[in-house]
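*Asks:* show me how the following folds:
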Amino acid sequence: MSSQSAGRGDALVRAGAIVFGSGAVATLVTFVPLFFGLSPFPSIAYWLCMLMPLGFLLSVTDLFLSARAQRQRAVAGLTAQPE
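*Replies:* Residues are numbered from 1 along each chain as shown. This next block holds a predicted model:
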């Protein structure tokens with residue numbers, strides 16, 4: 001168990017995962033007409049597929065920002081300790 005509480009970064013990573021999941025579902029749905037010989041969906045369906053890389057980018061960016069903030073806190077803690 002971690003003693004840290006969920007911060008802003010954790011909530012944004014979770015939101016990125018939700019956006020990624022929505023894009024993944026949209027991607028799966030747009031492939032259905034290809035397999036069953038139906039007419040293709042309108043262009044907006046294909047634009048919804050772009051939620052997948054957007055969610056991934058959001059999550060990865062926030063993970064890097066959280067790691068940088070944690071590193072800065074660690075460095076600040078090391079410099080604040082008396083010798």
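*Asks:* dump the residue contacts of the nearest residue to Ala15 once chain neighbours are set aside.
*Replies:* In space, Ala15 comes closest to Leu58 once its chain neighbours are excluded; the distance is 6.8 Å by Cβ to Cβ, 6 or more residues apart in numbering. Every residue, glycine included, has its C-beta placed from N, CA and C. By Cβ atoms under 8 Å, 6 or more residues apart in numbering, the contact set of Leu58 is 12-13, 15-16, 19.
*Asks:* now, of those, which are buried?
*Replies:* Among the contacts of Leu58, those that count as buried by neighbour count (16 or more other Cβ atoms under 10 Å) are 12-13, 16, 19.
*Asks:* returning to what we had before: now do the same for the residue nearest to Ala15: helix, strand or coil?
*Replies:* Following DSSP: H, G, I helix; E, B strand; the rest coil, we place Leu58 in the helix state.
*Asks:* model confidence for it, exactly?
*Replies:* Looking at Leu58, its pLDDT reads 91.
*Asks:* which residues does Leu54 contact?
*Replies:* Leu54 makes contact with 19-20, 23 under the criterion Cβ under 8 Å, 6+ apart.
*Asks:* so what's Leu51 closest to, chain neighbours aside?
*Replies:* Among residues not flanking Leu51 along the chain, Gly23 sits closest, at 3.2 Å (Cβ to Cβ, 6+ apart).
*Asks:* swap in Cys49?
*Replies:* Closest residue in space to Cys49, ignoring its immediate chain neighbours: Thr27 at 4.6 Å, by Cβ to Cβ, 6+ apart.
*Asks:* so which helix or strand takes in Val19?
*Replies:* Assigned by DSSP states H and E, Val19 belongs to helix 8-36.
*Asks:* what does Pro53 give?
*Replies:* For Pro53, the host element (DSSP H and E) is helix 51-80.
*Asks:* got the angle between that helix and helix 8-36?
*Replies:* Interaxial angle, helix 51-80 versus helix 8-36 (axes from the mean of the first three to the mean of the last three Cα atoms, to 10 degrees): 160 degrees.
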